[in-house]
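Chemist: Test case, fold it:
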Amino acid sequence: MRRKTLVPVLVLVLALVAAFFAWRALRPEETFLLYGTVEANLVEVGSLLGGRVERVDVAEGAQVAAGQVLVVLETDLLAHQIRQQEARVAEAKAGLERAERGPRAEEVRRARINWQAAETDRQRFASLYREGVVGRRDYDRAVVAEATARETYRELERGTRPEDVAAARAALAEGEAGLAYLERQRRESVVAASVAGVVEALDLRPGDLVAPNQPVATLLEEGQLWVRVYVPEPSLGKVGLGQPVAVTVDSFPGREYRGQVVEIRDRGEYTPRNVQTAEQRGDLVFGVKVAIPPAPELKAGMAAAVRLLEGGAAP
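Modeler: Next comes the predicted model:
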């Protein structure tokens, strides 16, 4: 009778043990909770130019790639200035080319003809002056005209002075620098993402005015969202690089964010004053960095709880 009673009890115990181990095998293994703060690498992008918004290509929470256009500003007034400067540059280029080539062959030949004609007049006036037909004043005028025509011919024959070529080259460089400055301003009318990530803040609509040198959007850099926690020295053996974790924040208690341990500091420190209680501030802890995927609802400064899961690399 006693043997018949022990058999069901033994079967019940074995069933409970089997159920316990099955539950242990099926449930996610967890160690202990660590508390810390969400930290992020935020990148602010804006325009050095400022102006009126023409269009907004993305919305808050959107995933963007590096170089993707976020906001475009109007450039009507700037385009007019660029066209004017382009005309100045074209004029300066023509001036430099004219200076480098020097006078045309036709101009040189014309100057030589003028000089020869002036020399002929000088000789004629010299003969008339010796005969007393014309006065000294008329002869002197012929001499001056011949000398002027001769020097004009020689000037054209020698070509453009090096100083004039240098001045034309400097004028062109100045015009091109002004054009490059305006082109740089036009590029500033397009605000693009400097890094890949998530648009955390962007509150603009077409027609809004944007001040120069002011951020227009805030990006959460991809792969740069993490939680910094501090592990007491006796529990450091429970944490390993690559170990999976589950992160929750107070603002969204029913939502979990999966991540992993990416950094364990080599040196211990005393618990920061803003993390633990006053009794625990004298404990020696090690900083641990837990990376989590970017999410638009996660903000830097949020309090977070990190639950360590099994399956990571050995500490």
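
Chemist: Every contact and neighbour count from this point should use C-alpha atoms.
Modeler: Will do.

Chemist: per-residue confidence for the residue nearest to the spatial centre of the chain?
Modeler: The centroid of the chain falls nearest to residue 194 when counting by CA atoms, centre = their mean (4.8 Å). The per-residue pLDDT reported for residue 194 equals 90.

Chemist: again, but for residue 73
Modeler: Here, the pLDDT recorded for residue 73 equals 94.

Chemist: Dihedrals phi and psi, the closest residue to the residue nearest to the centre of the chain other than its chain neighbours?
Modeler: Leaving aside its chain neighbours, residue 194 sits nearest to residue 66 (5.3 Å; criterion: CA to CA, 6 or more residues apart in numbering). Per-residue torsions, residue 66: phi -60, psi 130 (degrees, to the nearest 10).

Chemist: what's the neighbour count on residue 66?
Modeler: 13 (other CA atoms under 10 Å).

Chemist: pLDDT wise, what is it at?
Modeler: You'll see residue 66 listed with a pLDDT of 91.

Chemist: I'd like to know how far it sits from residue 306.
Modeler: Using CA to CA, to the nearest Å, residue 66 is found at 30 Å from residue 306.

Chemist: didn't the residue nearest to the centre of the chain look like it was pressed against residue 45?
Modeler: Yes: Residue 194 is within contact range of residue 45, at 7.2 Å (criterion: CA atoms under 8 Å).

Chemist: What segments of the stretch 51-200 of the chain are strands?
Modeler: Assigned by DSSP state E, counting those that start in this stretch, the strands in the stretch 51-200 of the chain fall at 51-56, 63-64, 69-73, 190-192, 197-201.

Chemist: List the pairing partners of the second one within its sheet, with orientation.
Modeler: Applying DSSP bridges, strand 63-64 is found paired with strand 197-201 (antiparallel).

Chemist: quick one, the strand it pairs with and strand 69-73 angle?
Modeler: Orientation check (axes from the mean of the first three to the mean of the last three CA atoms, to 10 degrees): strand 197-201 against strand 69-73 gives 50 degrees.

Chemist: Mind listing residues that contact strand 197-201?
Modeler: 59-66, 217-223, 294-296 (CA atoms under 8 Å, 6 or more residues apart in numbering).

Chemist: picking that back up, between the strands of the stretch 51-200 of the chain, which gets nearest to residue 103?
Modeler: With CA to CA as the criterion, residue 103 lies closest to strand 190-192 of the strands of the stretch 51-200 of the chain, at 46.3 Å.

Chemist: which helices and strands does that closest one pack with?
Modeler: Strand 190-192 is packed against strand 30-47, strand 69-73, with contacts defined by 3 or more CA pairs under 8 Å, 6 or more residues apart in numbering; DSSP states H and E.

Chemist: partners of it in the sheet?
Modeler: Paired strands of strand 190-192, with direction, are strand 69-73 (antiparallel) (DSSP bridges).

Chemist: what angle separates the partner strand from strand 51-56?
Modeler: Counting by the same axes, to 10 degrees, strand 69-73 lies at 140 degrees to strand 51-56.

Chemist: buried residues in strand 69-73?
Modeler: For strand 69-73, burial by neighbour count (16 or more other CA atoms under 10 Å) applies to 69-73.

Chemist: and if you look at stretch 146-163?
Modeler: Result for stretch 146-163 [16+ other CA under 10 Å]: buried residues 146-147, 149-150, 152-153, 156-157, 160.

Chemist: from those, which is closest to residue 204?
Modeler: Among those, and counting by CA to CA, the member closest to residue 204 is residue 160, at 57.2 Å.
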